[in-house]
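Asks: Provided below are the primary sequence and the corresponding predicted coordinates.
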Amino acid sequence: MNKAQLINALANKCHLTRKDSDLAVNAMFDIIIDQLEKGEKVQIVGFGCFDVRERPARKGRNPMTGETIEIDASRSVSFKPGRTLKDAMDK
């Protein structure tokens, strides 16, 4: 399912216009992104938890040349599914 399909499914399920469901989906994504940028955890009970993970700078190796390279520190988003989502996948 892509974003457009998600918007259409929300519109059908909640009896909203496509425009209203588009606003709702985009607002939800914007709120999650804003909180993650602040370093906050976003926990949706039953669905899962979005969190920012810090990766420290480290040394790596170029597999072609064997040369040691410096890999910069970075931040990435992790998602841990909640119990309800896990249980739904086990059915």
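Replies: Here it is on my side, so go on.
Asks: Every contact and neighbour count from this point should use C-alpha atoms.
Replies: Noted.
Asks: Can you name the residues that contact residue 46?
Replies: For residue 46, the contact set (CA atoms under 8 Å, 6 or more residues apart in numbering) comprises 82-85.
Asks: Could I get those in TSV, plus columns for secondary structure and distance to residue 55?
Replies: Shown next, in TSV, are those (DSSP: H, G, I helix; E, B strand; the rest coil; distance: CA to CA, whole Å):
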residue	secondary structure	distance to residue 55
82	coil	24
83	helix	27
84	helix	29
85	helix	27
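Asks: And what about residue 16, helix, strand or coil?
Replies: Three-state call for residue 16 (DSSP: H, G, I helix; E, B strand; the rest coil): coil.
Asks: Quickly find the element holding the closest residue to it other than its chain neighbours.
Replies: Among residues not flanking residue 16 along the chain, residue 10 sits closest, at 7.5 Å (CA to CA, 6 or more residues apart in numbering). Here residue 10 sits within helix 3-14, counting by DSSP states H and E.
Asks: Now do the strands in the chain.
Replies: 42-44, 48-55, 58-61, 68-71, 74-81 (DSSP state E).
Asks: Of all those strands, which one comes closest to residue 35?
Replies: strand 42-44 (7.0 Å; CA to CA).
Asks: tell me what the closest one is packed against?
Replies: helix 18-37, strand 48-55 (3 or more CA pairs under 8 Å, 6 or more residues apart in numbering; DSSP states H and E).
Asks: List the buried residues in it.
Replies: 42-43 (16 or more other CA atoms under 10 Å).
Asks: pLDDT of that strand, averaged?
Replies: On average, the pLDDT along strand 42-44 is 96.
Asks: try stretch 82-89
Replies: Mean predicted confidence for stretch 82-89 is 93.
Asks: pretty sure residue 62 is in contact with residue 68, am I right?
Replies: Yes - at 6.4 Å, residue 62 and residue 68 qualify as touching, with contact defined as CA atoms under 8 Å.
Asks: what about the helices and strands packed on strand 42-44, which gets the closest to residue 75?
Replies: Nearest of those (CA to CA): strand 48-55, 4.6 Å.
Asks: Check what contacts that closest one and list those residues.
Replies: For strand 48-55, using CA under 8 Å, 6+ apart, the contacting residues are 36, 39-43, 73-83, 85.
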